[in-house]
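J.: Okay, here's the prediction I keep looking at, along with the sequence it came from:
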Amino acid sequence: MLAPVPETAAAWMVRLNGPALSEAERKALSLWLSEDSARLKELEELRIVWQIAGRTVASPGVAARLTAGMEQAARPARWNTRRGAIAGALAVAASICVAVIAQRAERSDAVTLANGSNVQTAIGQIQHYTLPDTSFVTVAADSVVSVNFTEGQREIALGRGELYLQVAHDQARPFMVMAGTHSVTVTGTQFNLDFDAVRNVLEVAVTEGSVNVGLGAGADAQKVEKLKAGDVVLFEASGDMVRRRVTPKQAAGWREGALHFDQTRLRDAIVEMNRYAAKPIVATDDKITTLTLTGRFEARDTASFIYALETVFGLKTVETSRAWEISFQN
């Protein structure tokens with residue numbers, strides 16, 4: 001017996017999380033989407049909620065299938081293959097231009113840091129700096145960084161928070177970042193670091209090149225692990241590793257205003273959101289902070305983040321003069 005064709009966004013989301021769609025189902029999805037322009041937005045919003053709840057983690061093809069269905073539904077009947085290819089190429093070219101322009105803007109806004117400098121960014125503030133060796137660093141909100149260069153060593157310390165480094169190549173003088181008891185050593189590469197100083201936990205995401213991560217500094221470092229481009233790894237205080245399913249681009253998404261979470265404990269997600277929040281989020285029950293979250297959020301959109309917590313976990317939010325307090329429903 002044939003399964004009934006889904007008639008609602010929720011029913012389609014359930015079907016998209018199952019086996020690959022048949023040709024008939026793909027046509028049915030396309031037809032369903034084309035009948036009402038609001039359905040596309042409804043389905044995408046529902047996919048985001050499912051992703052936040054962790055429902056789509058086991059089914060990595062869901063987003064691709066959904067995107068394919070959306071693209072098919074959005075195409076006019078007289079869509080020409082050659083025209084589509086040209087449009088796609090132009091879209092890719094445009095995205096590259098936007099990225100280049102954004103990078104140039106970052107460079108033009110950069111402040112040159114002298115050796116011995118100490119930097120502390122405010123809540124919601126992202127800063128760009130050029131280091132004494134021409135390396136380039138973007139420092140996230142609510143972060144602390146200090147610079148200490150010598151003739152034989154380039155070193156900065158990440159006291160807390162997050163940064164993205166584009167290290168100038170210098171084989172004779174390694175570049176080291178210290179974060180608590182963790183050290184990251186390179187000669188020239190690009191990577192993102194996110195450091196929780198309270199728990200001494202460091203996440204390393206390598207965009208380009210490779211890095212060595214260890215406990216302790218330089219030759220004294222223990223449990224050294226080499227990471228290559230594409231790796232995103234969380235290092236516990238003990239040195240134990242947890243590999244992430246986010247990409248380096250997602251890990252560094254804060255530079256473009258986006259925060260990506262992958263089975264992230266809520267306490268850590270709240271810390272990330274609070275770096276950009278005008279009013280901090282506070283969990284009134286420690287059990288709340290052990291919940292895990294998967295999804296993408298706009299860094300400064302505290303309201304949507306809170307709405308997701310209320311919707312997915314059934315939490316209650318009370319706004320006070322100083323904070324957003326979240327708790328379990330009574």
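T.: In hand now; what should we look at? Residues are numbered from 1 along each chain as shown.
J.: Next, the distance between the ends of stretch 228-248.
T.: Here the two ends of stretch 228-248 are set 11 Å apart, with distance taken as C-alpha to C-alpha, to the nearest Å.
J.: And for stretch 116-124?
T.: Chord length of stretch 116-124, first to last residue, is 25 Å (C-alpha to C-alpha).
J.: same thing with stretch 164-182?
T.: Separation of the first and last residues of stretch 164-182 by C-alpha to C-alpha is 16 Å.
J.: swap in stretch 281-294?
T.: In terms of C-alpha to C-alpha, the two terminal residues of stretch 281-294 are separated by 18 Å.
J.: Can you point out the buried residues in that stretch?
T.: Ile281, Val282, Ala283, Ile288, Leu291, Leu293, Thr294 (16 or more other C-beta atoms under 10 Å). Every residue, glycine included, has its C-beta placed from N, CA and C.
J.: Tell me how far the fifth one lies from Trp254.
T.: According to C-beta to C-beta, to the nearest Å, Leu291 stands 22 Å off from Trp254.
J.: Please apply the same query to the last one.
T.: When C-beta to C-beta is applied, the distance between Thr294 and Trp254 equals 17 Å.
J.: before we move on, what about the first one?
T.: Applying C-beta to C-beta, the value for Ile281 to Trp254 is 16 Å.
J.: what does the second one give?
T.: Relative to Trp254, Val282 is positioned 21 Å away (criterion: C-beta to C-beta).
J.: swap in Ala197?
T.: If you measure Ala197 against Trp254 using C-beta to C-beta, the figure is 17 Å.
J.: immediately after the helix or strand where Met178 lies, which helix or strand?
T.: Counting by DSSP states H and E, the element that carries Met178 is strand 175-179. Next helix or strand after strand 175-179 toward the C-terminus (DSSP H and E): strand 182-186.
J.: angle of that next one against strand 175-179?
T.: Orientation note: strand 182-186 sits at an angle of 160 degrees relative to strand 175-179 (axes from the mean of the first three to the mean of the last three C-alpha atoms, to 10 degrees).
J.: Against which helices or strands is strand 182-186 packed?
T.: Using 3 or more C-beta pairs under 8 Å, 6 or more residues apart in numbering; DSSP states H and E as the contact definition, the elements that strand 182-186 packs against are strand 175-179, strand 190-196, strand 201-208, strand 210-215.
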